[in-house]
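**Q** need a structure here:
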Amino acid sequence: MKKYLLITLIISCLLMAGVYSVKAYVASSTNYRIQSDSINIGGGLGTTTNYAMQDTVGEIATGVSSSTLYKLKAGYQQMQEIYIAVSAPSDVNMSPAIGGITGGTGNGQAVWTVITDDPAGYSMSIQASTTPALQSGANSFADYTPVASGVPDYAWGIAATDSEFGFTPEGNDIAPKFKNSGTTCNIGSSDAPDACWLNFLTIATTIAQTTAANHPSGTATTVKFKAQSGASHVQEAGTYTAKVSVTAVGL
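**A** Coordinates of the predicted model:
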């Protein structure tokens with residue numbers, strides 16, 4: 001009678017997000033940026049070794065006004081702030097279960113949507129809390145090993161004697177290293193489905209970025225997870241968990 005060791009894979013998706021104030025600008029060149037301008041009388045920039053102060057004189061109808069439908073900040077530099085928001089997906093239960101003796105592949109995915117009015121855009125990164133990322137007590141799946149370190153593999157592939165765990169992002173804003181030419185990652189502009197697989201690190205890996213605001217609709221990035229135990233590999237039974245953090249920041 002053939003015995004099967006079943007492994008349940010769970011991705012715990014943690015979220016790190018918030019509101020970030022950054023400096024926009026109204027004019028720039030290769031040598032300068034003008035952050036704000038105001039047509040008035042007097043004022044300017046004053047500095048000492050201990051402070052820097054920007055002021056203006058002569059404005060009218062300044063301050064904060066609001067109703068049930070809007071909030072208006074009028075006046076010098078009142079609007080010098082931006083917001084960024086990130087959706088929080090549920091934990092991911094990967095499936096199907098993997099036979100510990102016979103091997104197999106478990107898959108799952110989570111979607112993060114970033115919304116920002118930052119005219120400079122945003123950057124989103126992902127990282128695992130442990131190495132290897134996918135663990136069950138003293139047992140684990142090795143982190144995926146791409147052919148070239150730091151460069152995603154276009155096609156997923158592991159040895160029959162190994163078990164490994166990795167990920168790939170998909171979406172309109174994915175980082176250049178995850179785009180491909182149709183056969184090779186980190187080259188081209190395509191986003192082929194289920195392509196460009198990489199290993200998790202305990203330091204941040206950029207998975208999506210853009211240089212423009214996307215308010216109000218936002219942009220979704222899907223992160224696909226894959227764990228595989230080879231046909232000639234014996235994986236101990238257990239519930240394997242990876243804790244993954246995603247961070248989005250304005251640029």
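**Q** What residue, apart from its backbone neighbours, is nearest residue 46 spatially?
**A** In space, and not counting its chain neighbours, residue 46 is closest to residue 53: 4.8 Å by C-beta to C-beta, 6 or more residues apart in numbering. C-beta coordinates here come from the backbone N, C-alpha and C atoms, glycine included.
**Q** try residue 132
**A** Residue 132 sits nearest to residue 140 (C-beta to C-beta, 6+ apart), 4.4 Å away.
**Q** I figured that neighbour hits residue 240, correct?
**A** Yes - Residue 140 is in contact with residue 240 according to C-beta atoms under 8 Å; the separation is 7.4 Å.
**Q** Let's see the pLDDT reported for residue 57.
**A** pLDDT, residue 57: 69.
**Q** got it, and the one 10 residues further on?
**A** If you check residue 67, the pLDDT there is 85.
**Q** Against residue 250, how distant is residue 142?
**A** Distance, residue 142 to residue 250, by C-beta to C-beta, to the nearest Å: 35 Å.
**Q** On the pLDDT front, check residue 249 for me.
**A** 89.
**Q** Show me which residues of the helix or strand harbouring it are buried.
**A** In the assignment (DSSP states H and E), residue 249 maps to strand 238-250. Using 16 or more other C-beta atoms under 10 Å as the test for burial, strand 238-250 gives 238, 240-250.
**Q** correct me, but residue 182 touches residue 188?
**A** Yes - between residue 182 and residue 188 there is a contact under C-beta under 8 Å: 6.8 Å.
**Q** Compare those two (neighbour count), which wins?
**A** residue 188 (14 against 10; other C-beta atoms under 10 Å).
**Q** I'd guessed the more buried one sits against residue 177; true?
**A** No - the pair residue 188 / residue 177 is not scored as a contact, 11.2 Å apart, by C-beta under 8 Å.
**Q** residues making contact with stretch 155-169?
**A** Identification of contacts with stretch 155-169 by C-beta atoms under 8 Å, 6 or more residues apart in numbering yields 103, 126, 132-134, 141-145, 152, 175, 178, 194-200, 207-208, 221-233, 235, 242.
**Q** Just the buried subset of these, please.
**A** Buried subset of the contacts of stretch 155-169 (neighbour count, 16+ other C-beta under 10 Å): 103, 126, 132-134, 141-144, 152, 175, 178, 195-200, 207-208, 221-230, 233, 235, 242.
**Q** Strands - which of the residues you listed land there?
**A** Members of those lying in strands (criterion: DSSP state E): 126, 134, 141-143, 207-208, 221-229, 242.
**Q** can you pull the pLDDT of residue 53?
**A** Looking at residue 53, its pLDDT stands at 72.
**Q** Let me know the helix or strand that residue 109 is in.
**A** In this structure, residue 109 sits in strand 104-116 according to DSSP H and E.
**Q** what is the mean pLDDT for that strand?
**A** For strand 104-116, the per-residue pLDDT averages 94.
**Q** Kindly report the same for stretch 74-87.
**A** Mean per-residue pLDDT for stretch 74-87: 75.
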